[in-house]
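Student: Predicted model and sequence below, questions to follow.
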4 protein chains.
Amino acid sequence: MNREMPIFQPKDAAYAERVHASFVLQQAMTLIGAELAVVEPGYTEIHLPFKPEITQQHGVIHGGVVGMIADSAAGYAANTLTPADTSVLTVEYKLNLVAPADGDRLVARGEVIKPGRTLLITRAEVFAVKQEQWTLCAVMQQTIMAMHGKKERV
Amino acid sequence: MNREMPIFQPKDAAYAERVHASFVLQQAMTLIGAELAVVEPGYTEIHLPFKPEITQQHGVIHGGVVGMIADSAAGYAANTLTPADTSVLTVEYKLNLVAPADGDRLVARGEVIKPGRTLLITRAEVFAVKQEQWTLCAVMQQTIMAMHGKKERV
Amino acid sequence: MNREMPIFQPKDAAYAERVHASFVLQQAMTLIGAELAVVEPGYTEIHLPFKPEITQQHGVIHGGVVGMIADSAAGYAANTLTPADTSVLTVEYKLNLVAPADGDRLVARGEVIKPGRTLLITRAEVFAVKQEQWTLCAVMQQTIMAMHGKKERV
Amino acid sequence: MNREMPIFQPKDAAYAERVHASFVLQQAMTLIGAELAVVEPGYTEIHLPFKPEITQQHGVIHGGVVGMIADSAAGYAANTLTPADTSVLTVEYKLNLVAPADGDRLVARGEVIKPGRTLLITRAEVFAVKQEQWTLCAVMQQTIMAMHGKKERV
């Protein structure tokens, strides 16, 4: 299908600072060790180095942790496109885990598919990277709600 | 709708010990502070006390953490019904976050809807409990795969 | 889990007439032969008799048709709770097909889980009924958006 | 994200004939007027001309019909990659309706994301085409199960 990625024009020139400022307040992201590595209009990447504390019973990264970074990457992708006075919240998402998250790090890529005023539809893909071999380990489809006039607490 | 909950007959008499033994190996569950509080045929509960480390930017528990315990509660509900030599893995789930996870603890209830041999369909509901007031904060629908002959590592 | 079904208070006393009037305008429902059999606050049922025209290659009712009536039953369940000047639209749904839709008729039951002002979260279950034996054949979880001030065309 | 589409090698040289033979047996596809227009390894397209019989109450094509062709396009995309003696069934899908299906025809594009032996993960996009203007109206993520040794009835 190889769809051309749409070119998005952010409504808030300071979108990147705003999104980074929100991310650092998410203590749960600090707990698992996630970093917001890339922030572009309609697109973000979250990187997550392996550590034993985030594994499941087979020693690879927990599927729930995969879901956390997929959800966040796509949610922040939506947040790059909302006005400065608008926060976002996840209405719902659907995640397929397609391979074990067996890597020395994970890379979650979130992108906006359809930027509506109230609802934004997004997607994420998560890759497990092991000695620079990339394996797709999860795909997600998500609905985000824009809360106009409700600025993120910073 | 108030559907009668089906009565499930576990194939493995030691299902509860098996499920508990798997849960304690999930370091990610320890990291967030989750406990497997109830294990019954086709049903489990995961309880999660509030702590600042698992919050998002508004000070309530992170939606990704809500997803983690919903996923686990329903996955272990499936695991109670599989044979002793069988492990389970999450194929996919879909989660609606319907209210902020604002509580002094969360309770995730997972249940099996349809126990197939290869695939088990499950549901979960997560409640935020604040001074004994229960608020539904998430609902999930999930597909679990049984890996026959692949015992959980214990 | 056997959750008590919440008691919903409709905002529009004429909700049932309004919902029936909308349903009869859906030519696609006429095409497949679906009827809106039950309309209660936060709950509807759609009944669909078997006919060869709605089957798939194995002779049972097509999964897509199962999805159509699940979507509609839950969407109209949401519509019973919205004000008179408000139409609803399906934001998204997730459907698990858990058994072949092998029946002389199908019954789709839609119910509201969480009635928000802008978004309503719903669920549906579809049963295949064969000689009065009921088999669960699909479960669905759905997000509905209320369009305030946009009355249904009647 | 603009992911390169993977090159899939079909296991059955006669995959296209097999898939077309299955499609024509789906009476529900005939009823709505859908045609299987493109069949390639890991990819199919279903085209659906507008007709009043498949509309909802606002005169555009019914969301349930959009779901039917999305489900079928992606399911048949999976079916192109399975062995000759294998049928497929939809385990589940999640569909976001992102714009009204307002077109003189719809085009559903299904593609395989991850071709596992037992489970295949797929995606679909549906476009409404109106005077050759293409509008994305739905995105879907789906899980398909391969039933080995269960040939499609033809």
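Tutor: Perfect, I can see it now.

Student: angle of the longest strand anywhere in chain A against strand C:133-147?
Tutor: Using DSSP state E, we find that the single longest strand of chain A is strand A:133-147. Interaxial angle, strand A:133-147 versus strand C:133-147 (axes from the mean of the first three to the mean of the last three CA atoms, to 10 degrees): 60 degrees.

Student: Flag every buried residue along the helix or strand harbouring A:S22.
Tutor: Secondary structure assignment for A:S22, by DSSP states H and E: helix A:15-23. By neighbour count with 16 or more other CB atoms under 10 Å in any protein chain shown, helix A:15-23 contains the buried residues A:Y15, A:A16, A:R18, A:V19, A:S22, A:F23. For glycine as for every other residue, the C-beta is placed from the backbone atoms N, C-alpha and C.

Student: What sits closest to A:H20 if chain neighbours are left out?
Tutor: Sequence neighbours aside, A:L36 is the residue nearest to A:H20 in space, at 6.1 Å (criterion: CB to CB, 6 or more residues apart in numbering or on different chains).

Student: what's next to stretch A:17-30, contact-wise?
Tutor: A:12, A:36, A:39, A:44, A:46, A:68, A:72, A:76, A:79-80, A:84, A:87, A:152-154, B:32, B:52-57, B:61-62, B:64-65 (CB atoms under 8 Å, 6 or more residues apart in numbering or on different chains).

Student: if you average pLDDT over that stretch, what comes out?
Tutor: For stretch A:17-30, mean pLDDT rounds to 96.

Student: Next, the contact list for the one residue sitting closest to the centre of chain A, please.
Tutor: Nearest to the mean C-alpha position of chain A, by CA atoms, centre = their mean, lies A:A73 at 0.7 Å. Counting by CB under 8 Å, 6+ apart, A:A73 touches A:T44, A:E45, A:I46, A:A108, A:R109, A:G110, A:A124.

Student: swap in A:I32?
Tutor: Counting by CB under 8 Å, 6+ apart, A:I32 has contacts A:L48, A:E53, A:I54, A:V65, A:M68, A:I69, B:A28, B:L31.

Student: between these, which is nearest D:C137?
Tutor: A:I69 (29.1 Å; CB to CB).

Student: Tell me where chain A has helices.
Tutor: Counting by DSSP state H, chain A has helices at residues A:15-23, A:27-32, A:63-79.

Student: Just the buried positions in the second one, please.
Tutor: Of all the residues in helix A:27-32, those buried under the rule 16+ other CB under 10 Å are A:Q27, A:A28, A:M29, A:L31, A:I32.

Student: angle of the longest strand of chain A against helix A:63-79?
Tutor: 50 degrees.

Student: Next one: strand A:133-147, is it in contact with chain D?
Tutor: Yes. Using CB under 8 Å from any CB of the partner chain, we find that strand A:133-147 touches chain D at A:L136, A:V139, A:M140, A:Q141, A:T143.

Student: pretty sure A:D85 is in contact with A:E152, am I right?
Tutor: No. Assessed by CB atoms under 8 Å, A:D85 is found out of contact with A:E152, at 9.3 Å.

Student: Show me which of these two is the more surrounded one.
Tutor: Higher neighbour count among A:D85 and A:E152: A:E152, with 19 against 12, using other CB atoms under 10 Å in any protein chain shown.

Student: how much space between the more buried one and chain B?
Tutor: 6 Å (CB to the nearest CB, to the nearest Å).

Student: Please apply the same query to A:F127.
Tutor: The gap separating A:F127 from chain B is 17 Å, by CB to the nearest CB.

Student: same question, A:Q9
Tutor: 25 Å.

Student: Show the contacting residues for the nearest residue to that residue once chain neighbours are set aside.
Tutor: If the residues on either side of it in the chain are set aside, A:Q9 comes closest to A:P41, at 6.8 Å by CB to CB, 6+ apart. Counting by CB under 8 Å, 6+ apart, A:P41 makes contact with A:I7, A:F8, A:Q9, A:P10, A:Y15, A:T80, A:L81.

Student: and if you look at A:V126?
Tutor: A:66, A:69-70, A:101, A:106-109, A:136-140.

Student: List the buried residues of stretch A:35-50.
Tutor: Buried residues in stretch A:35-50, defined by neighbour count with 16+ other CB under 10 Å: A:L36, A:V38, A:V39, A:P41, A:G42, A:Y43, A:T44, A:E45, A:I46, A:H47, A:L48, A:F50.

Student: so what pLDDT did A:E152 get?
Tutor: Looking at A:E152, its pLDDT is 70.
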